[in-house]
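Visitor: got a sequence here, can you build the structure:
(chains A and B)
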Amino acid sequence: MEHSVTISDELRRLVGELRGGEPRNPPAEAPQAETLVQPPDAGALVPSWRMLRLWRDGLRPLCFRGVPILEVHVLGCEEGGGVAQSAALYLREAGAAVFAATLLPPPGLPARPSYRADAVDNADTLERCIAACRPSACLLPACGGLQPVAADGPLQLFESQLTRLRAAVLNYVKI
Amino acid sequence: MSYPMEDQAPADMMAPPPVANVGEARPFRIARNGGRPLRFSGAELGMAMSYTPEIPYWYEINLYRTSSGAFVLAIRLFHISDQKTDTVEAWEFDSLEDALWKIESYDPGADVDVALKQDLDRMTPADLAAEMLELKARIAGIRHHYRSLAGEFLGTLDAA
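Guide: Okay, here's the model as predicted:
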């Protein structure tokens, strides 16, 4: 991977000024789903809320105060290099949930990284989010769909981990 | 590469090497597909490039500020093959917000070459279906490619 991003000091300054004002086209707010994730009960352990900024393909980062409540990470090595994926479900301080996934293709694969962060307001949305970040959905089309996922490789491991995360979310999070 | 000795500063006084001329004010002329070139004087504020050896094309996103205070965004698609035509789109905006919005809303699906591999009159329905599926996959691939780069640029910018 030989991509690069260069930001000048002037652009940093201008973006800082922009943050101080009201943007004309603010990024869409994540929906405040009332039935999504139950906020912690009074008296329960208070989560350590912190400001999170999650990269998104094609969009400005999704910024919110929240805390991760479920995470899966896969670091694998196969012929040609390593591959790294992660998926997480965040609880927003406002009471909504955010599903985020990162997929870093191994060197040699004709695909670019994928970053997703989507508000989850119902089970259907969660299903779509998980389906969209599966390697078979976001890497193989870029390869012409010709390269199968190795049954014992890290991509397949991530597929199975996603299935486990989905089950955990559906079991423990009321959506 | 070598440099005349009189241009060299002592090693401990040398500035980092320049990166893609970002920040240097100079005249620009951006040739655009289907339109007159966009000419302006200004400086490049930032850039992102998606070159990956295994992929036969790459995108470049360049953001400039003109001497009059406007913002220019250029989105370029380059092909490794000489047989394919590179494309350049460029726009001038009054505000940085508008330029960033354009990065988000740009649809690279329109950059896909839709030329058929065969004579349309000789294609069977199965051929047409196969062409359609391949075209759909290429559009999905290039959209993911561009959006990955745009997200990386906007994410880096947000963290700056």
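Visitor: scan the chain for its longest strand.
Guide: Using chain A here. Among all segments of chain A classified by DSSP state E, the strand with the greatest residue count is strand A:59-78.
Visitor: sorry, I should have been clearer: chain B.
Guide: Among the elements of type strand in chain B, defined by DSSP E, the one spanning the most residues is strand B:35-49.
Visitor: does whatever residue of chain B ends up closest to chain A fall in a helix, a strand, or a coil region?
Guide: Closest to chain A within chain B is B:R147: 3.2 Å, counting by Cβ to the nearest Cβ. Heads up, the C-betas are built off the backbone N, CA and C, glycines and all. With DSSP: H, G, I helix; E, B strand; the rest coil as the basis, the three-state label of B:R147 is helix.
Visitor: which parts of the chain are strands?
Guide: Going with chain A. A:4-7, A:50-56, A:59-78, A:81-92, A:97-104, A:114-120.
Visitor: the chain in question should be chain B.
Guide: Counting by DSSP E, chain B has strands at residues B:25-32, B:35-49, B:57-66, B:71-79, B:87-93.
Visitor: returning to what we had before: ok, now which ones touch the residue of chain B closest to chain A?
Guide: Applying Cβ atoms under 8 Å, 6 or more residues apart in numbering or on different chains, we find B:R147 in contact with A:D57, A:G58, A:L59, B:P108.
Visitor: out of the residues you listed, what pair is the most spread apart?
Guide: With distance counted by Cβ to Cβ, no two of the contacts of B:R147 lie farther apart than A:L59 and B:P108, which are 14.3 Å apart.
Visitor: list the contacts of the closest residue to chain B within chain A.
Guide: Chain A approaches chain B most closely through A:G58 (3.2 Å), counting by Cβ to the nearest Cβ. Applying Cβ under 8 Å, 6+ apart, one finds that A:G58 lies in contact with B:E104, B:Y146, B:R147, B:S148, B:A150, B:G151.
Visitor: skipping adjacent residues, who's closest to the residue positioned nearest the centre of chain B in space?
Guide: Ranked by distance to the mean C-alpha position of chain B (Cα atoms, centre = their mean), the top residue is B:E60 at 2.4 Å. Counting by Cβ to Cβ, 6 or more residues apart in numbering or on different chains, B:E60 lies nearest to B:R76, which is 4.5 Å off, once chain neighbours are set aside.
Visitor: low-confidence ranges in chain A?
Guide: Across chain A, the stretches falling below the confidence threshold (pLDDT under 70) are A:1-3, A:21-46, A:74-84, A:135-155, A:157-158, A:171-175.
Visitor: again, only using 50
Guide: Residues of chain A that meet the criterion pLDDT under 50 lie in A:1-2, A:23-40, A:42, A:80, A:141, A:143-146, A:175.
Visitor: select, from the contacts of A:G58, the two members most distant in space.
Guide: Pairwise distances across those (Cβ to Cβ) peak at 13.2 Å, for the pair B:E104 and B:S148.
Visitor: neighbour count winner among those two?
Guide: Looking at B:E104 and B:S148 with other Cβ atoms under 10 Å in any protein chain shown, you find the greater number of neighbours at B:S148, namely 25 against 16.
Visitor: how many neighbouring residues does the residue nearest to the more buried one when sequence neighbours are not counted have?
Guide: With sequence-adjacent residues excluded and distances taken as Cβ to Cβ, 6+ apart, B:S148 is closest to A:R112, at 3.9 Å. Here the count is done by other Cβ under 10 Å, and A:R112 has 29 residues near it.
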